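J.: this one's sequence-less:
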């Protein structure tokens, strides 16, 4: 009789996500994940073929969670603020998907599309359907850059970072809604 399953892919991805947040990318090893879910490392490979596949699954789960977080946003400011809150709640996973770096596998397109849906929706509200993608990219790039600098301690010149966020978010949205220069 076969041995019953002791873990699931969902439990493995959740353990990997938690390890990523506590120990960083270097601490996300197959052995550490196996220990966290209570199996031996070779057993883990029955569910996840490699560390690369596990990282991809964590990144895709992160994008799914981000998409869910932003789904109800009805304004650009709600998208930006939701994006920032998510980055603060899950900083390592946020950086994994926003600045993947060498050796990080590419996520499947549908996960990126789902995470981008809210930004595209509000981008269309701001500038119309022809330039919605450009607006969504502008919103996402500004917010990701700001949040990553914030997470990495990049704002060292003093001042209130929350006020800077409010200022920048307001200016980005205003610039997108302003008529184009002649």
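T.: The structure has been received and is ready for your questions. Every value quoted in this text rests on a predicted model; they were computed, and no experiment measured them. Residues are numbered from 1 along each chain as shown.

J.: what's near enough to touch the nearest residue to residue 161 once chain neighbours are set aside?
T.: Nearest non-adjacent residue to residue 161, counting by CB to CB, 6 or more residues apart in numbering: residue 155, 5.3 Å away. C-beta here means a position set from N, CA and C on the backbone, and glycine is covered the same way. If a contact means CB atoms under 8 Å, 6 or more residues apart in numbering, then residue 155 has 149, 161, 164 as its contacts.

J.: ok, now residue 56?
T.: 105-108.

J.: now do the SS call for residue 154.
T.: Residue 154 carries the three-state label coil when classified by DSSP: H, G, I helix; E, B strand; the rest coil.

J.: how near is it to residue 147?
T.: Computed with CB to CB, to the nearest Å, the distance linking residue 154 and residue 147 is 10 Å.

J.: please flag which of the contacts of residue 155 sit within helices.
T.: With helices taken from DSSP state H, the overlap with those comprises 149, 161, 164.

J.: nearest to residue 55 among the residues you listed?
T.: In terms of CB to CB, no member of the ones in helices among the contacts of residue 155 lies closer to residue 55 than residue 149, at 23.5 Å.

J.: so between residue 154 and residue 147, which is more surrounded?
T.: In terms of neighbours (other CB atoms under 10 Å), residue 147 is the more surrounded of residue 154 and residue 147; the figures are 22 against 12.

J.: which strands or helices does whichever strand or helix holds the more buried one pack on?
T.: Per DSSP states H and E: residue 147 is located in helix 132-151. Contact here means 3 or more CB pairs under 8 Å, 6 or more residues apart in numbering; DSSP states H and E; on that basis helix 132-151 packs against helix 76-89, helix 91-98, helix 109-127, helix 161-177.

J.: derive a ChimeraX selection command for the buried subset of the contacts of residue 56.
T.: Command for ChimeraX that selects the buried part of the contacts of residue 56, burial taken from 16 or more other CB atoms under 10 Å:
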select :105,107
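
J.: using the record's assignment, carve the chain into domains.
T.: Residue ranges for the domains of the chain, per automatic domain parsing: 1-48, 53-177.
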